[in-house]
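Chemist: next comes the sequence, and after it the predicted model I'd like to discuss.
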Amino acid sequence: MKVLYTTPKGTVAFDRNFGIDISFIDDPLPIAQGRLMVEYRQKTRQYEPRAFVQEVIFDSEPTSGKLIPKVVIEIDLNA
């Protein structure tokens, strides 16, 4: 999951959809948080169907614009 979440979309040669779309990088923090949550859920469902994103917790520094996501994942070993 770490590789999926830290790879920018479009940078993997034979799978340009792999990775997270970072086009929201200059959006306001609340919008970026929402778009990132959607990306995590969609890409997890697509690339690792055994995993389910339970929640995404954000630490942010509004003055510097840093957004630090923490993704909580549940694994279904029976799938």
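Modeler: Received it, and whenever you're ready, just let me know what you need.
Chemist: how far is the host helix or strand of V38 from where the chain is centred?
Modeler: Assessed by DSSP states H and E, V38 sits inside helix 29-47. Put simply, helix 29-47 sits 5 Å off its chain's centre (C-alpha atoms, centre = their mean, to the nearest Å).
Chemist: check which helices and strands that helix sits against.
Modeler: helix 2-6, strand 51-61, strand 66-75 (3 or more C-beta pairs under 8 Å, 6 or more residues apart in numbering; DSSP states H and E). Using the backbone N, CA and C atoms, a C-beta is placed for each residue, glycine as well.
Chemist: who does the second one pair up with?
Modeler: Just to be clear, that refers to strand 51-61. strand 66-75 (antiparallel) (DSSP bridges).
Chemist: for the strand it pairs with, buried residues please.
Modeler: 67, 69, 71 (16 or more other C-beta atoms under 10 Å).
Chemist: residue ranges with poor pLDDT in the chain?
Modeler: For the chain, no stretch has pLDDT under 70.
Chemist: most remote residue from the middle of it, which is it?
Modeler: N78 (23.9 Å; C-alpha atoms, centre = their mean).
Chemist: contacting residues for the residue nearest in space to the middle of the chain?
Modeler: Among the residues of the chain, the one closest to the centroid is Y40, at 3.3 Å (C-alpha atoms, centre = their mean). Contact analysis of Y40 by C-beta atoms under 8 Å, 6 or more residues apart in numbering lists 5, 20, 53, 56, 69, 71.
Chemist: what is the neighbour count of P30?
Modeler: Using other C-beta atoms under 10 Å, P30 has 10 neighbouring residues.
Chemist: how much space between it and I22?
Modeler: 17 Å (C-beta to C-beta, to the nearest Å).
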